[in-house]
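# Curious how this folds, go ahead:
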Amino acid sequence: MKEVLLLFVAYLLGSLQSGVWIGQLFYKKDIRDFGSGNTGTTNTFRVLGKKAGIIVLFMDILKGTLATSLPLLFHLGLNPLWFGVAAILGHTFPIFGHFKGGKAVATSAGMLLAYSPPFFIYSASIFVIMLFLSSMVSLASMVSAVIITISTVVIPLIFPSILAYQDWLLTSLAVAISIFIIYRHRDNIKRIKDGTESHVPFGLNKRKD
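Numbering: from 1, shown residues only. Below you'll find the predicted structure:
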C-alpha cells in the first residue's frame, strides 16, 4: 500500500507545472498560449526568457530527482526508476493541467541524477554536445535520448565508474522514453525537415528566429 501511495506522490510531483505557474505568477502569461504551447522548459525559455527558463529547467529536473529518491527516503525495496517513470508520466500528463504537459526531457534527466549522478553527468554532456552541433533543442533531445539508451548497455562494459552495472530495467525504460520523446517531438521533426525549426543562440548553427 505504501508503494502505491508513494508512486502516486511521484506522479503528483511530476504534475507540478513550474513553467505555467511561474509564467502566471511573475509574468502574467500562460505559456500554453504562446510559442509551441508546450508547458516545459524549452517553451518557457522561448516565451518568458532565459531567467525563467533556467528556473523551470532546475525545477523540472528536481521533480524527477525527488520522485526517484522516494524509495530511498522511505526505505522501499522497489527499483527507484519506477518512481522516476511516475514523475515523467505526471510531467507529460499532469493532473493539474488537464493531462496536457511537457515532453519529459528535463524530468527524465532528474530521474538519472537520482539513479546515478555520474551517468547523469555523462548524459548531460551528450545533450550539450548535440545542442552545440545542432543549435536545436528538439534535435538534441531526440538524438541524445537514443545515444543514452545505447549507452545504458555499452557504458557498464567499458566505463563501470560511470554506470556500475547493467540494469535491464534502466535500458528498457530508456528505450520506452526515447520512443516517447521522439513521438512527442513529431511536430518538431516536421519543422526540422522543412527547415523551419527554432534554433537557440548557441552552437555551430546558432541563429535568432
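
# can you give me the helices in this protein?
In the chain, the helices defined using DSSP state H lie at 2-15, 18-26, 41-48, 50-73, 81-92, 105-115, 117-134, 137-158, 168-184, 186-194.

# Now do the buried residues in the shortest one.
Read that as helix 41-48. Residues of helix 41-48 classed as buried: 41-48 (neighbour count, 16 or more other CB atoms under 10 Å). (Each C-beta comes from the backbone N, C-alpha and C, glycine too.)

# How much space separates residue 194 from residue 59?
32 Å (CB to CB, to the nearest Å).

# neighbour count winner among those two?
Using other CB atoms under 10 Å, the more surrounded residue of residue 194 and residue 59 is residue 59, with 20 against 8.

# quick one: contacts for the nearest residue to the more buried one once chain neighbours are set aside?
With sequence-adjacent residues excluded and distances taken as CB to CB, 6 or more residues apart in numbering, residue 59 is closest to residue 18, at 3.9 Å. Residues in contact with residue 18 (CB atoms under 8 Å, 6 or more residues apart in numbering) are 55-56, 59-60, 63.

# can you redo the residues you listed as JSON lines with pLDDT and distance to residue 124?
Formatted as JSON lines, those follow (pLDDT from 0 to 100; distance: CB to CB, whole Å):
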{"residue": "55", "pLDDT": "95", "distance to residue 124": "18"}
{"residue": "56", "pLDDT": "95", "distance to residue 124": "16"}
{"residue": "59", "pLDDT": "96", "distance to residue 124": "16"}
{"residue": "60", "pLDDT": "95", "distance to residue 124": "14"}
{"residue": "63", "pLDDT": "97", "distance to residue 124": "16"}
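
# Pick out whichever of these sits closest to residue 4.
residue 63 (19.4 Å; CB to CB).

# I'd like to know how far the residue nearest the centre of the chain sits from residue 48.
Using CA atoms, centre = their mean, the residue of the chain that lies closest to the mean C-alpha position is residue 105, 1.9 Å off. Note on residue 105: its distance to residue 48, by CB to CB, is 18 Å.

# With residue 166 instead?
Remark: distance between residue 166 and residue 48 (CB to CB) = 41 Å.

# and if you look at residue 128?
Counting by CB to CB, the gap from residue 128 to residue 48 is 22 Å.

# ditto for residue 86
From residue 86 over to residue 48 (counting by CB to CB), the distance is 27 Å.
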